[in-house]
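# Dropping a prediction and its sequence here:
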Amino acid sequence: MGNTQIEFRNVSFRYQEDMPWVLKDVSFTIYNNEWVAMIGHNGSGKSTIAKLMNGLLFPQEGEILVDGQPVTASTVWDIRRKVGMVFQNPDNQFVGTTVRDDVAFGMENHGMARDLMLERITESLEAVGMNGYERHEPHRLSGGQKQRVAIASVLAVSPQYIILDEATAMLDPKGRKEIMETIREVQSARDLSLITITHDLLEVTQADRVIVMNKGEIWMEGTPRELFAKKEQLIEIGLDTPFVSKLADELKDAGLPLTREPLNHQELLEELWTFHSTR
Amino acid sequence: MDISFDKVSYTYQPNTPFEHRALDEVSFRINSGSYVAVIGHTGSGKSTLIQHLNGLLQPTSGEVKVGEYHLKANEKNKQLRKLREQVGVVFQYPEHQLFEETVAKDIAFGPQNFGVPQEEIHRRTREAVKATQIHEDLLERSPFDLSGGQMRRVAISGVLAMNPQVLVLDEPTAGLDPNGQKEIMDMFHRLHKDKQLTTILVTHSMEDALAYADHIVILNQGKVYMESAPLEIFKQQQALEDVQLDVPEVIQFVTKVRDQLGVELEYTGQSIAELAKELTRIVKGDRVYE
Ligand SMILES: Nc1ncnc2c1ncn2[C@@H]1O[C@H](COP(=O)(O)OP(=O)(O)OP(=O)(O)O)[C@@H](O)[C@H]1O
Ligand SMILES: Nc1ncnc2c1ncn2[C@@H]1O[C@H](COP(=O)(O)OP(=O)(O)O)[C@@H](O)[C@H]1O
Ligand SMILES: [Mg+2]
Ligand SMILES: [Mg+2]
């Protein structure tokens, strides 16, 4: 289906004229149905990209296309129907006085029928493990609970693209895993492109593709395996490698010739097994 | 400063349909100079607990002691100001503690409020922004025009500039980039040792709890579920799983090696390099030492 994608074409952006450029000539494409992780040091421009994607900001140079349609002041409402976003701090996102109102708000904006809305509220709160909290005030939830509700609000409107900007940072690791699995399930059931902005390297290993930002520019685009082969360079730009890559490195140094860059426990265990069984 | 919780309960919105007991008879002690990690799944009461340490919340029942300061139910503590001068809290959401026009003013706010001389404030500010790696260009910017991770660094700087005796950190690395997470946690640890602070860290990172804390308190549904030294805690994988918690990744991996390769291997606090040497010896057998 040719045109279902988000495209950045030579985008440059700064918050004010007398301030430095925050994004410099950024071009990339997010394809239909993929999961792209976006990482980069603090202040490298990730959240700015997210806000450009759904028309909260507009670039001074270049253009942004969603399904072939340029993001402009006149298309922004169409665009936001397609591109759902969860912010870094959910407090900035809550509009309702109860959890239920908050989840309903987005759907009301989309003119959804009432029956369907009620169904969706239940479904999406269940999906994030927050059923039973319908009448609570969002501001009085714990940090992780707030993030769950914010994610439910986006799932409820069932957008074609979802951008999660550090949206699970306050969750415990198990909770984080569960939420990502929930979203992956949605993705396997229908067309959904997922962009997760994250500092969690374990999460990055699971994405289809990674875009790495550095000082407002794209530093690299590739698979997680390609990325974590870069070690020292990653540390230089404020990043790091996951535990498995670090251990694999030390194993090589200790004289164990691993054949490939392992991405997860299982891959490394398989390599170790090969050496062990042929000894 | 010695800290103790004695049967502390805290109820949000009492006498309403939303009444919720977030802490339920919590008791434990923290010796002066120790580094304690508080862990537990979301909603278990961690943030509620640490807000008692500087008197932001007052127990519904029970008593909190922080050094010579006592916080009791229904009893106004007149020394809150002195307490807050000594207990520095980095809150879960950094935005909540920023409010000045510029980053520099924000960092200076605490010490200024407590009458620290201008000269000394400058010195502390310089030191703090160095420790948190805030670029000087940011000092005259509004703290609200920063990225999430930059705000976090400013909030941490503001707390450092207070020179607190007790450091309370509520998920302080959320929002920091991976290298920043490591550097800032190392920085807190150095400070903890050099200045003999008492440090309380709320974290979801079992790795950090293992690496930095000398004692761990686990909360579950507002109660103390377990407390012990890190290596002891992480031996009890099942008990942790029962309350939604994992053991650190290195321990998960060691367990898998043991189970799947059928070899003897125990985690006793080895570094990754040491672990790699041990693993190499195990899988290669004698061939390592020709
Ligand atoms: N409202 C704003 N006004 C002015 N400058 C801003 C504003 N928001 C962000 N910036 C600046 O733009 C740059 C990029 O910020 P952005 O929020 O996109 O970073 P990020 O990659 O999301 O960082 P983090 O990992 O810390 O969330 C930073 O230098 C930041 O200080
Ligand atoms: N201001 C508040 N009003 C009412 N309930 C709250 C408030 N803050 C937290 N709670 C509730 O108290 C419980 C513990 O929250 P919190 O201490 O923030 O948990 P944690 O920090 O462990 O994630 C949660 O069930 C949460 O919903
Ligand atoms: Mg950001
Ligand atoms: Mg909390």
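Happy to help now that I have it. Ligands and ions are numbered 1, 2, ... in the order given.
# Can you give me the neighbour number for whichever residue of the stretch 151-279 of chain A sits closest to ligand 3?
Evaluated by Cβ to the ion, the stretch 151-279 of chain A has residue A:165 as its residue closest to ligand 3, separated by 5.9 Å. Every C-beta, even on glycine, is put in place using the N, C-alpha and C of the backbone. Residues within reach of residue A:165, counting by other Cβ atoms under 10 Å in any protein chain shown, total 21.
# for it, phi and psi?
Main-chain torsions, residue A:165, degrees, to the nearest 10: phi -90, psi 100.
# same deal with the one 3 residues further on?
Listed backbone geometry of residue A:168 is phi -120, psi 10, with angles given as degrees, to the nearest 10.
# And residue B:176, how close does it get to residue A:41?
Using Cβ to Cβ, to the nearest Å, residue B:176 is found at 9 Å from residue A:41.
# Between these two, which contacts overlap?
Taking Cβ atoms under 8 Å, 6 or more residues apart in numbering or on different chains as the contact rule, the neighbours common to residue B:176 and residue A:41 are residue B:149.
# I'd like to know if stretch B:204-224 reaches chain A anywhere along the stretch.
Yes - for stretch B:204-224, a contact with chain A is found by Cβ under 8 Å from any Cβ of the partner chain, at B:204, B:206.
# Could I get the CA-only coordinates of that stretch as CSV?
Taking Å, rounded to 0.1, in the frame of the first residue of the first chain, the C-alpha atoms of stretch B:204-224 are listed here in CSV:
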residue,chain,number,x,y,z
HIS,B,204,13.2,0.2,39.3
SER,B,205,16.7,-0.7,38.3
MET,B,206,17.7,-3.9,40.1
GLU,B,207,21.2,-3.3,38.6
ASP,B,208,21.5,0.0,40.4
ALA,B,209,20.2,-1.5,43.7
LEU,B,210,22.8,-4.2,43.4
ALA,B,211,25.6,-1.9,42.4
TYR,B,212,25.2,0.9,44.9
ALA,B,213,23.0,0.0,47.9
ASP,B,214,24.2,-1.7,51.0
HIS,B,215,20.6,-2.5,52.1
ILE,B,216,17.3,-3.0,50.2
VAL,B,217,13.8,-2.5,51.4
ILE,B,218,11.0,-3.9,49.3
LEU,B,219,7.6,-2.5,49.4
ASN,B,220,4.4,-4.3,48.3
GLN,B,221,0.9,-2.8,48.7
GLY,B,222,2.1,-0.3,51.2
LYS,B,223,3.9,-2.8,53.5
VAL,B,224,7.5,-3.8,53.9
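# Do that stretch and ligand 2 come into contact?
No - shown here: stretch B:204-224 not in contact with ligand 2 (Cβ under 6 Å from any ligand atom), separated by at least 6.5 Å.
# tell me the mean pLDDT for that stretch?
Stretch B:204-224 comes out with an average pLDDT of 97.
# quick one on the thing from earlier: my guess is the residue of the stretch 151-279 of chain A closest to ligand 3 meets residue A:49, correct?
No - counting by Cβ atoms under 8 Å, residue A:165 stays clear of residue A:49, with 9.4 Å between them.
# what are the ranges of the strands in the stretch 51-200 of chain B?
With DSSP state E, counting those that start in this stretch applied, the stretch 51-200 of chain B shows strands at B:61-66, B:69-72, B:87-90, B:166-170, B:198-202, listed in chain order.
# number of nearby residues for residue 264?
Looking at chain A here, since you left the chain open. Every residue meeting other Cβ under 10 Å relative to residue A:264 is counted, giving 14.
# Chain B, not that one
8.
# what's the helix or strand for the residue nearest to it when sequence neighbours are not counted?
With Cβ to Cβ, 6 or more residues apart in numbering or on different chains as the criterion, residue B:264 has its nearest non-adjacent residue at 7.3 Å, and that residue is residue B:258. Element membership of residue B:258 [criterion: DSSP states H and E] is helix B:249-261.
# What helices and strands are in contact with the next helix or strand along the chain from that helix?
Using DSSP H and E, the helix or strand that follows helix B:249-261 in sequence is helix B:272-284. Using 3 or more Cβ pairs under 8 Å, 6 or more residues apart in numbering or on different chains; DSSP states H and E, the elements in contact with helix B:272-284 are helix A:243-253, helix A:265-277, helix B:249-261.
# Please work out which of these is packed deepest.
Mean neighbour count (mean count of other Cβ atoms under 10 Å in any protein chain shown) peaks for helix A:243-253 among these, with a mean of 20.
# Can you list the neighbours in contact with that helix?
Helix A:243-253 is contacted from outside by A:205, A:228, A:231, A:241, A:258, A:261-265, A:267-268, B:249-250, B:253, B:272-273, B:275-277, B:279-280, using Cβ under 8 Å, 6+ apart.
# one step back: could you check how far the residue nearest to residue B:264 is from residue A:271?
When residue B:258 is compared with residue A:271 (using Cβ to Cβ), they lie 16 Å apart.
# how much space is there between residue B:108 and ligand 3?
Separation of residue B:108 from ligand 3 (Cβ to the ion, to the nearest Å): 25 Å.
# Tell me the backbone dihedrals of the nearest residue to residue A:23 once chain neighbours are set aside, please.
In space, and not counting its chain neighbours, residue A:23 is closest to residue A:13: 4.3 Å by Cβ to Cβ, 6+ apart. Per-residue torsions, residue A:13: phi -150, psi 140 (degrees, to the nearest 10).
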